[in-house]
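Novice: I'll drop the sequence and a predicted model, then ask my questions.
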Amino acid sequence: MQSFRTEIENPIVEKDIVELANKIELFHNGKIDEEKFRSLRLARGVYGQRQEGVQMIRIKLPYGKVKSNQLHRISDVSDEYSRGRLHITTRQDIQIHYVDLNRTPELWAELERDDVTLREACGNTVRNVTASETAGIDVNEPFDVSPYADALFKFFLRNPICQEMGRKFKVSFSASDEDTGLSYMHDLGFIAKIKDGVRGFKVMIGGGLGSQPRHADVLYDFIETNKIIPVMEGVLRIFDRHGERKSRAKARMKFLIKDIGLEAFKALVEEEQKAIEFKSVAIDADAYVASTPVEITEIPEVTIKDQKAFETWKSTNLIPQKQEGYVAIGIKVLLGDFYTDKARLLADLVENYAAGEIRLSLRQNILIPFVKESLVPFFYQELEKLGFVEAGYNKAVDITACPGTDTCNLGIASSTGIADELERVIKAEYPQYLNNDDLVIKISGCMNACGQHNMANIGFQGMSVRTPDKLVAPALQVLLGGGNLGDGNGVFADKVVKVPSRRGPEALRRILDDYEANANGKLFVEYYKEKGEKYFYDVLQDLQDVSNLTEIDFVDWGTDEKYVKEIGIGECAGVVIDLIATLFLESEEKIENAQESFNNKVYSNAIYHAYSSLVNSAKALLLAENKKTNTHAGIISQFDELFVASGKIDLGVSFSELIYQINKFAPTEAFASKYIENANEFLVKVRAFREAQTQPEKKAV
């Protein structure tokens, strides 16, 4: 094994990083299956890139909060291991690209020096916990959701119940009924509420985007804050057990809710509570260390050269705070991309004159909280030096786009190139939209909706079209009418027409011209609902004609080269195809993890590691028989049918009775010890059965 060592003080984190280094070596030596290795590295934030031989690294930044020292650290890492560019995602993460796989362990170790992690930023895990970027300063919030998002993030990080689920799981917190955390499109969404003087949350479940967007259901109208962690643990345990694992297209929470029904799912979650160690987890919001503004004794003198530009900027980029005498400043970051030289200067600015932090937004922007009102001219002057004073923060001109074909394996057509062009069109031809925060435009490079196109007022999705001569050109699906209605309510956009990408700007012009002429002050969501899909189809339908394409139509936005449709293997879910021997080795590792947790008296974790080993071992034999292993529940019932009921393997009880002890007994020391022993004995039996099966094969050879 590689003798990689870190200087990390936290032994758990150090073990994680050393494990990644060792697994990379095993992979290079051909001792780990490629698909299995993919699953492992994804759960450590290491994501395959469109360009061969390099990785994208996703840095997990809970609820988008980044301290000055952390921004400096991320900048240093990007310069050392990448190319100095930072990309803000729609989940408040930062991504860096073009990283050598072999250097990822040391990169991770460097980040951890300032308490920044890669763990579970990708893969079939609980992804970054997002929140309203105005949490803690929002004039409409009943309370600050930051302590609760922080507690939930910490509780589930490295938690064994959510390490190898069938699919990713996304959680959000909204500061107020405006639902700026977009709860209705998340697997689990929390909206801050106060009932009878008690803090709590409205809980939404089963939302999602992608090719089949689904509006979340209300799981609870109100639960107190001490119930959010037990409820989420119950949800995750049921999702892990019953969620689809083979067909990636059906593996999200939204499909499970749709299949078994909300009430049945809710009943399973509530039944699961008896097996959960902590029935109530009190979150001490007062103990949460919130950032506080620095004391400013002297206001620097400033001379504003362009007063008109300054006033325009103030009208679009200042956000009121509930704290008297302070405002937040919004920085519009084009396509979410900025560079380390500016990041360091920004970190120093907020450290010396604000609260030593920035917030990353769901629209790929930056928010600076706790700026004294008297310091606004100074901040404008300093941000202007960095090129960070473009007007239109969170306004119509502020278009969201995923990386698309720039770096993503799944990108079909350019999202960044067309976003750049559409922003140019709006600025030049529709300057009135500079102050419009009711019109939301979003772009994704494919159907997976990382740019959230299908919840926008006006959305574009990357596609391709084929001409009558069988030539392929980049295209855009135009979607209209989506929007956030507040308090967990939203509407998804309709697919209206598909046009060659080069006609995207003309499509936008026609939509805006019609809206300007006929809406009479209505919000776009209301106007679209009034007019309907057919109306806008008629407005745009002639742009679909692909029989008259010119040479430029075969060149996508942002490039000079002729378009070639190239789609790689998507890694959003980390689909795993395991070898039987690898599964048995994994089962051993899970039992070792169980024993380690038991020795540390963390009995709940010990039990779940043992459960994972039991499922894993059963799955190995089923795969050997070419049986489907779509869900944990399916694995358990199939194993009983094929091996126990037939008498091939004698467990003394059914496999269901053995394994489902997990949701019938509280996580005590005695039960944990017995359950680990059960897992170990089961592994011995199935391994012996497999060995006996393969003996004739070996002799034949």
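Specialist: Thanks, I have the structure now.

Novice: list the buried ones in the helix or strand harbouring A620?
Specialist: With elements delineated by DSSP states H and E, A620 resides in helix 603-624, which encompasses its position. Of the residues in helix 603-624, those buried under the neighbour-count criterion (16 or more other C-beta atoms under 10 Å) are 603-623. All C-beta atoms are positioned from the backbone trio N, CA, C, and that covers glycine.

Novice: how close does Y288 get to A355?
Specialist: Plainly put, Y288 is 14 Å away from A355 if you go by C-beta to C-beta, to the nearest Å.

Novice: and for L543?
Specialist: Here the distance between L543 and A355 works out to 48 Å (C-beta to C-beta).

Novice: name the residue in those two with the higher neighbour count.
Specialist: When L543 is set against A355 and neighbours are counted by other C-beta atoms under 10 Å, the residue ahead is A355, at 22 against 18.

Novice: what sits against the more buried one?
Specialist: For A355, the set of contacting residues under the criterion of C-beta atoms under 8 Å, 6 or more residues apart in numbering consists of S291, T292, P293, V294, P369, F370.

Novice: run the last query once more with 7 Å
Specialist: If a contact means C-beta atoms under 7 Å, 6 or more residues apart in numbering, then A355 has S291, T292, P293, P369, F370 as its contacts.

Novice: what about it, which SS state?
Specialist: The local conformation at A355, judged by DSSP: H, G, I helix; E, B strand; the rest coil, is coil.

Novice: ok, now which ones touch the nearest residue to S464 once chain neighbours are set aside?
Specialist: Here the nearest residue to S464 in space, its sequence neighbours aside, is K565; by C-beta to C-beta, 6 or more residues apart in numbering that works out to 4.8 Å. If you count contacts by C-beta under 7 Å, 6+ apart, K565 has them with I412, S464, V472.

Novice: verify the stated contact: the second one with L476.
Specialist: Looking back up the chat, that one is S464. No - using C-beta atoms under 7 Å as the test, S464 is too far from L476 to be in contact (10.0 Å).

Novice: who touches both of these two?
Specialist: When contacts are counted by C-beta under 7 Å, 6+ apart, the set common to S464 and L476 consists of A413.

Novice: which of the two has more neighbours?
Specialist: The neighbour comparison of S464 against L476 (other C-beta under 10 Å) goes to L476, with 29 against 18.

Novice: name the SS class of that one, please.
Specialist: Applying three-state DSSP to L476 yields a three-state assignment of strand.

Novice: please apply the same query to the one 3 residues further on.
Specialist: With three-state DSSP as the basis, the three-state label of L479 is strand.

Novice: would you agree it is in contact with G459?
Specialist: Yes - assessed by C-beta under 7 Å, L479 is found in contact with G459 at 3.8 Å.

Novice: the more surrounded of the two?
Specialist: For L479 versus G459, the count of surrounding residues by other C-beta under 10 Å is larger for G459: 29 against 24.

Novice: packing partners of the helix or strand harbouring the more buried one?
Specialist: Assigned by DSSP H and E, G459 falls within strand 458-466. In this structure, strand 458-466 packs against strand 441-444, strand 472-480, strand 494-500, helix 504-518, with contacts taken as 3 or more C-beta pairs under 7 Å, 6 or more residues apart in numbering; DSSP states H and E.

Novice: mean confidence score for it?
Specialist: For strand 458-466, mean pLDDT is 92.

Novice: and stretch 87-107, how far apart are its ends?
Specialist: For stretch 87-107, the separation between the terminal residues is 17 Å (C-alpha to C-alpha, to the nearest Å).

Novice: can you give me the buried ones in it?
Specialist: When burial is assessed from 16+ other C-beta under 10 Å, stretch 87-107 yields the following buried residues: 87-99, 101, 104-107.

Novice: sorry, back to before: output the helices and strands packed on strand 458-466 in a markdown table; the columns should cover mean pLDDT and distance to K195.
Specialist: What follows is those, written out as a markdown table (pLDDT from 0 to 100; distance: least, C-beta to C-beta, whole Å):
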| stretch | mean pLDDT | distance to K195 |
| --- | --- | --- |
| strand 441-444 | 91 | 34 |
| strand 472-480 | 94 | 37 |
| strand 494-500 | 94 | 36 |
| helix 504-518 | 96 | 39 |
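
Novice: give me whichever of the ones you listed is most buried.
Specialist: strand 441-444 (a mean of 29; mean count of other C-beta atoms under 10 Å).

Novice: check which helices and strands that one sits against.
Specialist: Counting by 3+ C-beta pairs under 7 Å, 6+ apart, the packing neighbours recorded for strand 441-444 are strand 400-401, helix 416-429, strand 458-466.

Novice: now do the helices in the stretch 551-700 of the chain.
Specialist: Taking DSSP state H, counting those that start in this stretch as the test, the helices found in the stretch 551-700 of the chain are 580-599, 603-624, 632-639, 655-659, 669-700.
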